[in-house]
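Peer 1: Turn this into a model:
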Amino acid sequence: MPGPGMLTLMVLPAIVGLIIVARPNVALSLKRIRGTWLIAIAAALQFVHYRGWWPDQVPEATERRIYAVFIIVVALTFSWLNRSLGNQATGRWALSLIPLGTMSNAIPIAFLGAMPYSISGARIAGYTHADLATDAPGYIRLEDVSPFWTPLADLIPVPVLMKVLSIGDVFLFFGLVLLIVACSRPRAEAVSGPVNASDGSVQPSV
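Peer 2: I've put the predicted structure just below:
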């Protein structure tokens with residue numbers, strides 16, 4: 001808690017800022033990322049959902065299911081648009097972890113209409129009995145659903161931040177960080193220099 005992937009979106013800007021300070025060329029390197037408009041659309045729809053601007057006739061559980069399916073499409077499309085980054089190990093990991101983390105969070109919501117979470121994990125994170133007397137909107141207690149959903153639920157307490165993360169949050173977080181690292185690394189053709197031919201002439205590298 002809060003919503004799936006929200007902690008990642010909260011912490012990521014700070015990490016980006018630190019990387020940019022450490023490596024000034026990162027700001028320009030991030031232009032290599034394609035499909036940022038997909039992220040903007042996803043953020044806008046999430047904002048609309050949290051503001052309650054959907055038609056009153058649409059149940060909140062249905063809203064969450066629609067958004068969950070949409071966010072899976074966004075993650076898969078985003079990874080496909082940035083497939084050129086997959087020519088290096090960091091990029092391949094990033095383009096694997098981002099859709100994997102997104103789907104890990106979105107699939108339970110698409111089926112259940114809410115994200116299952118661990119009561120014990122929430123208590124360790126710092127939530128009181130009063131806080132947990134009623135479930136937050138968009139969440140359902142893990143004990144109220146099939147054990148099948150346990151691996152994908154919010155299980156990992158982070159007391160310092162008073163959050164409970166899912167394995168999908170972890171995958172998504174590291175995937176986004178690795179994506180930034182992949183973008184900041186120079187392309188192979190940029191770092192390869194001219195090659196000396198056997199006759200002493202300089203030949204361009206290929």
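
Peer 1: what's the neighbour count on I72?
Peer 2: Neighbourhood size, I72 [other C-beta atoms under 10 Å]: 17. Using the backbone N, CA and C atoms, a C-beta is placed for each residue, glycine as well.

Peer 1: Next, give phi and psi for it.
Peer 2: Main-chain torsions, I72, degrees, to the nearest 10: phi -70, psi -40.

Peer 1: can I assume it is in contact with T102?
Peer 2: Yes. Counting by C-beta atoms under 8 Å, T102 is a contact partner of I72 at 6.2 Å.

Peer 1: low-scoring pLDDT stretches of the protein, where are they?
Peer 2: For the chain, applying pLDDT under 70 flags the ranges 1-30, 49-53, 185-206.

Peer 1: what number of residues lie near the nearest residue to G138 once chain neighbours are set aside?
Peer 2: Spatial nearest neighbour of G138, chain neighbours left out: A114 (5.4 Å); criterion: C-beta to C-beta, 6 or more residues apart in numbering. Here the number of neighbours of A114 (other C-beta under 10 Å) works out to 21.

Peer 1: Likewise for L132?
Peer 2: Neighbours of L132 (other C-beta under 10 Å): 14.

Peer 1: and if you look at D135?
Peer 2: Quick note: D135 (other C-beta under 10 Å) scores 15 neighbours.

Peer 1: cool, and T36?
Peer 2: 13.

Peer 1: Next one: it from R65, what distance?
Peer 2: 25 Å (C-beta to C-beta, to the nearest Å).

Peer 1: show me the contacts for the closest residue to P151 other than its chain neighbours.
Peer 2: Distances taken as C-beta to C-beta, 6+ apart put I167 closest to P151, at 6.7 Å, once the chain neighbours are dropped. Applying C-beta atoms under 8 Å, 6 or more residues apart in numbering to I167 gives the contacts 101, 104, 151-152, 155-156.

Peer 1: hey, where'd the strands end up in the chain?
Peer 2: Taking DSSP state E to define them, one finds strands in the chain at 115-117, 139-141, 154-158, 163-166, 195-196, 202-203.

Peer 1: quick revisit: just name the closest of the contacts of I167 to W93, please.
Peer 2: Closest to W93 out of the contacts of I167 is G101 (11.6 Å), distances taken as C-beta to C-beta.

Peer 1: give me every residue that touches A114.
Peer 2: Contacts for A114 (C-beta under 8 Å, 6+ apart) come out as 61, 64, 135, 138-140.

Peer 1: Sorry, slip of the keys, the one I care about is P159.
Peer 2: Neighbouring residues of P159 by C-beta under 8 Å, 6+ apart: 124-126.
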